[in-house]
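Participant: let's see this in three dimensions:
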Amino acid sequence: MHTVEIVLLLLMLGAVSGLAARWLRAVPLPLLQVALGAALSWPDAGLHVRFDPELFLLLFIPPLLFADGWRIPKREFFALRRPILTLALGLVAFTVLGLGWFMHWMIPGLPLTVAFALAAVLSPTDAVAVGAITRRLGMPEQTMHILEGESLLNDASGLVALKFAVAATLTGAFSWAEAGRSFVWIAAGGVAVGAAAGWGFAAARAAITRRIGDDAATQTVLLLLLLPFAAYLLGEHLGVSGILAAVAAGIATNFADLERSEFVDERLQAHGAWAMVESAFNGAIFLLLGLQLPGILVGGLTQGPYVWWELVGYVLAITAALVLLRGLWLVLGVRRALAAARLHGRPAAPPTPRLLAATALAGIRGAITLAGALSVPLLLPDGSPFPARELLIFLSMGVILATLVAGSIGLPLLLRGLPQAAEPPHAREERLARIVACEAAIAALAAADGSAGGDAAGQALREESSGRVARGYRRRIETLEDDTDDGAEGAAEERAARRRGHVIELELRLAGLHAERGALYRLRRAHRINDDTLRALVQEVDLSEVSLRQRLEAARRAVARG
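Facilitator: Sure, this is the predicted structure:
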């Protein structure tokens, strides 16, 4: 099958499986897509797609990690930097050493350097898989932010560990000092390149839109979609982490977006474009995993000195060791954090054992693990085969499948009994932000009344319209709810406004929306709300403004026609 046909088929199957998941709610979408891909490729005459690790990392990973970096709440990300970095760096090193020695002891004939390479492949969690499995299961917000931050950053540390384990296998030499210097250069360089790319794009976009305005929305959104690929390629070209470059570019772009509150069309188009890209690429990744599954598993089970039950036992033992090592690291980290809190006079309640177990089980592996395994070279410098390469790939795929199944089944069971706060912090922030936005709109209406001129009749009409709009905002403050009943009452108000100068009222409503949005952005810049709250509330205001502008243009045309 031609490459273009394969891409189109993957996109179609991703959409179809997403629709099927609406009816098969008991089966998580990633597992459904993996199973569909496996079913398509299982027969000899089925669909067989060669998995190119370099092409895969270039096409699929940068936009998804960029979107995650752009979306993750920055306030929580930086506030939780200590546990995130502890997991992204410390846990990876702990896993490589602990799991590497364990597999070298458990599997006869597996060289230690190859065992470390396999442990490095398995050490990073997968941002796409973690988000797809855990996002809608009711994981506590703080824990979810830590998991997302960890999966964004630990790819670099895992791939650096893989690089040095492979180099040690090829050359028989290893230097801790060289590994440390290389990691600092790759990680710090990737972040610097991505931040420079993100801020450079933001500066160029601001210069263009100052002249053109929101008319350039389609073009700027297209350039935004290409930005993660540019950051990734630039990072790889300079010898640093392209993955971290894509993440850093997303974070930098999000900060720059805080100064673009007035570009409504661009924001709405970007939201729709990223939603489509994430859905399509997520589906393609899990379908590709499924397409590789039969060939790798059947090939591993039918070749080599191991019988099938030994290989299955190795997969289950390695998966259990991963969860146990992760759980041990979490317990030690929690104890250290609680001791530090008591030392500083800020005692905190420890997490429940069930939450710790859920966090340990949430270390799901995905496509990054398979890409790392398949990137291991075929031959040593002397021309002999790389030792145990097929076994390494088989165990990697087996652990991916095992963690996906374990997370999909175990996480809902563990999270089902967790106590939930009466009002989550996110919901409380959103409610208070609505109040502040309404108060800002009322203040803007009062200022507009004070500065308005004209004859007495026009001034009276303006004051009447302003009072009606302000009363609507006050009712929203009293109920702490948005105005969603725009049915017959909204139509009646519009007819009444048309008789009493509805153009003025619609202009005042538009001014109120501008004031609301400005207040929301000020709250975010002051760190009183996070990015999730800002994004949800601004989208409501943007959609209301688009609708209101259409009504205002129609009303002005009606007035012009007399």
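Participant: dump stretch 387-399 to PDB, restricted to CA.
Facilitator: Taking Å, rounded to 0.1, in the frame of the first residue of the first chain, the C-alpha atoms of stretch 387-399 are listed here in PDB:
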ATOM      1  CA  PRO A 387      23.300  -8.600  21.300                       C
ATOM      2  CA  ALA A 388      19.700  -9.500  22.200                       C
ATOM      3  CA  ARG A 389      18.200  -6.700  20.000                       C
ATOM      4  CA  GLU A 390      15.100  -8.700  19.100                       C
ATOM      5  CA  LEU A 391      14.600  -9.600  22.700                       C
ATOM      6  CA  LEU A 392      14.900  -5.900  23.700                       C
ATOM      7  CA  ILE A 393      12.200  -4.900  21.100                       C
ATOM      8  CA  PHE A 394       9.900  -7.800  22.100                       C
ATOM      9  CA  LEU A 395      10.100  -6.900  25.900                       C
ATOM     10  CA  SER A 396       9.600  -3.200  25.100                       C
ATOM     11  CA  MET A 397       6.400  -3.900  23.200                       C
ATOM     12  CA  GLY A 398       5.200  -6.400  25.800                       C
ATOM     13  CA  VAL A 399       5.700  -3.900  28.600                       C
END
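Participant: what residues of it count as buried?
Facilitator: Within stretch 387-399, the residues that count as buried by 16 or more other Cβ atoms under 10 Å are 388-389, 391-399. Every C-beta, even on glycine, is put in place using the N, C-alpha and C of the backbone.
Participant: and that stretch, how far out from the chain middle?
Facilitator: 28 Å (Cα atoms, centre = their mean, to the nearest Å).
Participant: cool, stretch 129-145 as well?
Facilitator: Distance, centroid of stretch 129-145 to centroid of chain: 11 Å (Cα atoms, centre = their mean).
Participant: pull out the buried residues from that stretch.
Facilitator: 129-134, 137, 139-141, 143-145.
Participant: for those residues, which one is nearest residue 92?
Facilitator: The closest of these to residue 92 turns out to be residue 130 (Cβ to Cβ; 14.7 Å).
Participant: pretty sure that closest one contacts residue 145?
Facilitator: No - here residue 130 does not reach residue 145: they are 11.9 Å apart, not a contact under Cβ atoms under 8 Å.
Participant: lowest average confidence, helix or strand, in this structure?
Facilitator: Taking mean pLDDT, DSSP states H and E as the measure, helix 488-499 is the helix or strand of the chain with the lowest mean score, a mean of 46.
Participant: and the next helix or strand past that helix?
Facilitator: For helix 488-499, the following helix or strand on the C-terminal side (DSSP states H and E) is helix 502-525.
Participant: tell me the average confidence for that following helix?
Facilitator: The average pLDDT for helix 502-525 rounds to 82.
Participant: where's that helix relative to the chain centroid, distance-wise?
Facilitator: Here the centre of helix 502-525 is set off from its chain's centre by 30 Å, with Cα atoms, centre = their mean.
Participant: repeat that for stretch 230-245.
Facilitator: Chain-centre distance of stretch 230-245: 19 Å, with Cα atoms, centre = their mean.
Participant: mind listing what's buried along it?
Facilitator: Neighbour-count burial for stretch 230-245, counted by 16+ other Cβ under 10 Å, picks out 230-236, 238, 240-245.
Participant: verify the contact between residue 249 and residue 231 for me.
Facilitator: Yes - using Cβ under 8 Å, residue 249 is in contact with residue 231, at 4.0 Å.
Participant: tell me where the longest helix sits in the chain.
Facilitator: Counting by DSSP state H, the longest helix found in the chain is helix 264-302.
Participant: SS state for residue 528?
Facilitator: With DSSP: H, G, I helix; E, B strand; the rest coil as the basis, residue 528 sits in coil.
Participant: what number of residues lie near it?
Facilitator: By other Cβ atoms under 10 Å, 15 other residues sit near residue 528.
Participant: now do the same contact list for it.
Facilitator: Residues near residue 528 by Cβ atoms under 8 Å, 6 or more residues apart in numbering: 429, 432-433.
Participant: can you select the buried ones among the residues you listed for me in PyMOL?
Facilitator: To isolate the buried members of those in PyMOL, using 16+ other Cβ under 10 Å:
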select buried, resi 429+433
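Participant: secondary structure element holding the residue nearest to the spatial centre of the chain?
Facilitator: Computing the C-alpha centroid of the chain and ranking residues by Cα atoms, centre = their mean puts residue 68 first, at 2.6 Å. Assigned by DSSP H and E, residue 68 belongs to helix 61-71.
Participant: what's the following helix or strand after that helix?
Facilitator: helix 74-79.
Participant: and that following helix, what does it pack onto?
Facilitator: Judged by 3 or more Cβ pairs under 8 Å, 6 or more residues apart in numbering; DSSP states H and E, helix 74-79 is in contact with helix 141-171, helix 242-257.
Participant: please work out which of those is packed deepest.
Facilitator: Of all the helices and strands packed on helix 74-79, helix 242-257 carries the top mean neighbour count, a mean of 26, counting by mean count of other Cβ atoms under 10 Å.
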